[in-house]
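>>> could you work out the structure for the sequence below:
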Amino acid sequence: MKKFWTLIASTMLVASAAFAQDDYDYADQSEEQTTEQASEPWPNEDEQSSEAEPAEEAPAAPVAKQVNKPASAQPAKAFEPTPAPAHIAQADDSQDSYERPANNEQKFGIGLRAAFDYGMMYGFKNEDDDVDGSPTGIGFEGGLMGRIQLVSNLHFAPEVNIAFVRTEHEYLHQKRTYTSIDLEIPLLMRGIVLDKFYVTGGPQLNLNLSNDFDYDNKDATEGYEEKIDEAKFTFGLAVGAGFNIIEGLFIDVRFYMGLMDLYPDVKSISDYEDGEIVSEGDDFSYISMKGAKMMKIKAGLSYWFI
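Below you'll find the model as predicted:
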């Protein structure tokens, strides 16, 4: 019986020693692994990137997937302009309208013009107290106008107009009337200002087509009959300005000042010496017409159809 218990004790002792040896080996191995991991240096970024790069000897097979290529690598296509938004297009149109003058800077143009005139003889040197002021009156004109572009916003703008004017005043309480029909040829320069406005100026030639003189109770007048003829040719200066109302249509004002006498050959009583008789056919007037020149203020409309 004693041997039996001795055998059991020996067996338990051997088993305890074996378990203790296993725990000691496991702890030593864990401790050695931890020590080795702590002693190993941490690789830097260059080494990590070099280790992460794939081997060049065996490149990976190409993967069949869609790749976004840069614009330079895409095949060329025909250029198709993208229409601008409405507000941008409208702004571009307004910019073009501002840069272009009202007449669109065409090289040539033809139009029509009509105007009402107020005429007055100035420079009238008659000092007779029986003469009531200088002749004044109204008239009208109409004709063709042209335009030739010289440089940007500057044109040569000649015109050909037929002008009618009737002026009158009084002498010895009798109304005296002067009627004239002229062919007016303004040779103007026309400059466009601020797109809608223009100014104009230049010489004007006048060719007299017809003229007439009349006064009250002419048939009852005793003595010599007056004969007053206007000069066949006169010239002066014209200046003015205009404004564009709608496309091609302008309103304008103009001032004309004649520089030549209207009646250079008409004599008066004071021009004859004592006892001298007025010859038949002489241009003769009871009042002096010396120095009389024509001045006009004109307001008109013009339209460019080309």
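>>> so residue 111 is in contact with residue 145, correct?
Yes - using CB atoms under 8 Å, residue 111 makes contact with residue 145 at a distance of 5.0 Å. For every residue, glycine as well, the C-beta is placed using N, CA and C.
>>> now for these two: what residues contact both?
Residues touching both residue 111 and residue 145 by CB atoms under 8 Å, 6 or more residues apart in numbering: residue 302.
>>> look up which residues are beta-bridged to residue 201.
Under DSSP bridges, the beta-bridge partners of residue 201 are residue 189, residue 239.
>>> one more: the one 5 residues further on?
Residues in a beta bridge with residue 206, per DSSP bridges, are residue 184, residue 234.
>>> ok, now residue 109?
Beta-bridge pairing for residue 109 (DSSP bridges): residue 147.
>>> roughly how far apart are residue 156 and residue 255?
20 Å (CB to CB, to the nearest Å).
>>> same deal with residue 291?
In terms of CB to CB, residue 291 sits 20 Å off from residue 255.
>>> so which residues of this structure form strands?
According to DSSP state E, the chain carries its strands in the segments 108-122, 131-151, 154-171, 174-193, 197-215, 233-246, 249-258, 267-268, 284-285, 293-304.
>>> give the pairing partners of the last one; include direction for each.
If I follow you right, that is strand 293-304. strand 108-122 (antiparallel), strand 249-258 (antiparallel).
>>> between those strands, which one is closest to residue 130.
When the strands paired with strand 293-304 are compared by CB to CB, strand 108-122 sits nearest residue 130, at 17.1 Å.
>>> now the angle from that closest one to strand 131-151?
Going by axes from the mean of the first three to the mean of the last three CA atoms, to 10 degrees, strand 108-122 is angled at 160 degrees with respect to strand 131-151.
>>> tell me which residues in strand 108-122 are buried?
For strand 108-122, a neighbour-count test (16 or more other CB atoms under 10 Å) marks 109, 111, 113, 115, 117, 119-121 as buried.
>>> cool, stretch 119-136 as well?
Residues of stretch 119-136 classed as buried under the neighbour-count rule (16+ other CB under 10 Å) are 119-121, 124, 126, 131, 135-136.
>>> and the residues you listed as TSV, adding distance to residue 195 and pLDDT?
Listed next are these as TSV, based on distance: CB to CB, whole Å; pLDDT from 0 to 100:
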residue	distance to residue 195	pLDDT
119	33	97
120	34	97
121	39	96
124	42	86
126	48	83
131	49	92
135	41	95
136	37	97
